[in-house]
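*Asks:* structure here, sequence nowhere to be found:
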DNA sequence: ACATTTTTACCTGATATCAGGTAATACAAA
DNA sequence: TTTGTATTACCTGATATCAGGTAAAAATGT
């Protein structure tokens, strides 16, 4: 047997970490070297230690899981990263994979599924738990349907919109022209093909693109 | 010592269940008699078995945790029910307690906190994990700040709003007058003291009042 | 150094929303 | 039976949004 994969679990919930580590202790091929509760700590850790496999929650405080994955993969492309979350939004999973993720598991997956996915992932495959598979294989259309991300300024504006601010109020608050804010609004709506801010908000919140 | 509390864990994520049950195995006062993945199964179980303590996730598929708690407490007021969730929204916690919940724990709580809360709860206290405490004690004003709920019709309209429909489109779809929908809109905005639908959507989604 | 994206800004006109009223009917609870 | 809430509906006027266009700095990345 090859040496065991040095594995890190990242989740902001201690119980989840404990659950996963219990499960992983059955697997000979992995060795848990770290249990972390934030993306920041993860980045710090891998700068100083050797890591082969990361199991991480997508919804982490402060840093978004997708961005975190991207950052790590840029510096350490050899590390296998598997994402996890409670609900699976097709678009989110796609984003994660497009940013270098090696797999995606729903937390509602069974122990067997978890083990299967982890084993396959360290063999180099891109893996999904059953429910995730079902979801991402729904529209087999050609559209890769990559979710565009918001620019910094756009995020500012979306934040204020979610607080009920009007175009004028946003302009005042950000020291911009009314017309500029109007342009941003239009661009944002267009980006997500939404008809108005109501739909936009619903979309962003469902895809967790707001608090990131 | 009294006999151990017959305890059920309800969560749709097997790993979370495993994490919690690992933690509870340290406590002599509780005995895990069931690990369930849905509210429906929970209701079935307690109809046929004796249960003293329930630890349950608030975000469960199909049935909302608050309603579930209410239902159970109506028939079995002696059962101690502790709610759990990932994020804590003040309003949600209050709702849970108002519906008979005996405590609320954030999943980000430490093991020690978990244990402390469970022990206190079976002694009859209403318990909150530290983070929850911090959140619910913020505005110490007299307002019980009960979140008003949407009526059936209002829910219909809010659903359509979240899909980007305009007042006219909603009126057509629900066979109502444009003016009626306008009135509903105004009432809904007023109910939550929101300035426009954007803020409304953000509020509803953050408080999980939309898909419930 | 060049290409791309982001951020800034302007114009116009058609629609839509929001805030202020009022009020009748219906249905459930007290 | 009365009270209250929900649902329906109308009116007006001020403001805001949305959709169509264009375009020039400024920043970012390669």
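*Replies:* Here it is on my side, so go on. For clarity, every value in this text was computed on a predicted model and none was experimentally measured.
*Asks:* from now on I want contacts and neighbour counts done on CA atoms only, so please keep to that.
*Replies:* Will do.
*Asks:* quick check: residues of chain A near DNA strand D?
*Replies:* Near DNA strand D, the residues belonging to chain A are A:165-168, A:182-183, A:185-186, A:189-190, A:195-198 when assessed by C-alpha under 7 Å from any atom of the strand.
*Asks:* next one: the residue in chain A that DNA strand D sits nearest to, what pLDDT does it get?
*Replies:* Among the residues of chain A, residue A:196 lies closest to DNA strand D, at 3.0 Å counting by C-alpha to the nearest atom of the strand. Each residue has a pLDDT score; the one for residue A:196 is 94.
*Asks:* so it makes contact with residue A:189?
*Replies:* Yes - counting by C-alpha atoms under 8 Å, residue A:189 is a contact partner of residue A:196 at 6.7 Å.
*Asks:* pick out whichever of the two has more residues nearby.
*Replies:* For residue A:196 versus residue A:189, neighbours defined as other C-alpha atoms under 10 Å in any protein chain shown are more numerous around residue A:196 (21 against 16).
*Asks:* now do the same contact list for that one.
*Replies:* When contacts are counted by C-alpha atoms under 8 Å, 6 or more residues apart in numbering or on different chains, residue A:196 is found next to A:189, B:164.
*Asks:* make it 10 Å
*Replies:* Residue A:196 is in contact with A:185-186, A:188-190, B:161-166, B:197-198, counting by C-alpha atoms under 10 Å, 6 or more residues apart in numbering or on different chains.
*Asks:* ok, which stretches of chain A are strands?
*Replies:* A:5-10, A:30-36, A:53-57, A:80-85, A:103-106, A:127-128 (DSSP state E).
*Asks:* circling back: can you tell me which of the residues of chain A next to DNA strand D are in helices?
*Replies:* Secondary structure assignment by DSSP state H places A:167, A:168, A:182, A:183, A:185, A:186, A:189, A:190, A:197, A:198 of the residues of chain A next to DNA strand D in helices.
*Asks:* pull the most distant pair out of those residues.
*Replies:* A:168 and A:190 (20.2 Å; C-alpha to C-alpha).
*Asks:* what's around the residue nearest to residue A:198 when sequence neighbours are not counted, how many residues?
*Replies:* With sequence-adjacent residues excluded and distances taken as C-alpha to C-alpha, 6 or more residues apart in numbering or on different chains, residue A:198 is closest to residue B:198, at 4.7 Å. A total of 26 residues lie near residue B:198 under the criterion other C-alpha under 10 Å.
*Asks:* so which bits of chain A are right by DNA strand C?
*Replies:* Taking C-alpha under 7 Å from any atom of the strand as the criterion, chain A approaches DNA strand C at residues A:150-154, A:175-184.
*Asks:* 10 Å instead, please
*Replies:* Proximity of chain A to DNA strand C, by C-alpha under 10 Å from any atom of the strand, involves residues A:148-157, A:164, A:166, A:171-172, A:174-188, A:191, A:195-198.
*Asks:* type out the PyMOL command that picks the buried ones from those residues.
*Replies:* What follows is the PyMOL syntax for the buried subset of the residues of chain A next to DNA strand C, where burial is set by 16 or more other C-alpha atoms under 10 Å in any protein chain shown:
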select buried, chain A and resi 150+154+155+157+164+166+171+181+184+185+188+196+197+198
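*Asks:* was I right about residue A:50 contacting residue A:79?
*Replies:* Yes - checked against C-alpha atoms under 10 Å, the pair residue A:50 and residue A:79 is within contact range at 9.4 Å.
*Asks:* those two - which one has more neighbours?
*Replies:* Comparing residue A:50 with residue A:79 by other C-alpha under 10 Å, the one with more neighbours is residue A:79, at 21 against 13.
*Asks:* which residues touch the more buried one?
*Replies:* Applying C-alpha under 10 Å, 6+ apart to residue A:79 gives the contacts A:6-7, A:46, A:50-54, A:72-73, A:100-102, A:122.
*Asks:* would you agree residue A:77 is in contact with residue A:70?
*Replies:* Yes - the pair formed by residue A:77 and residue A:70 meets the contact definition of C-alpha under 10 Å, at 9.4 Å.
*Asks:* mind checking pLDDT for residue A:193?
*Replies:* Taken from the predicted model, the pLDDT recorded for residue A:193 is 90.
*Asks:* near the closest residue to residue A:70 other than its chain neighbours, how many other residues are there?
*Replies:* Using C-alpha to C-alpha, 6+ apart and skipping the chain neighbours, the partner closest in space to residue A:70 is residue A:99 (5.0 Å). For residue A:99, the tally of surrounding residues (other C-alpha under 10 Å) stands at 18.
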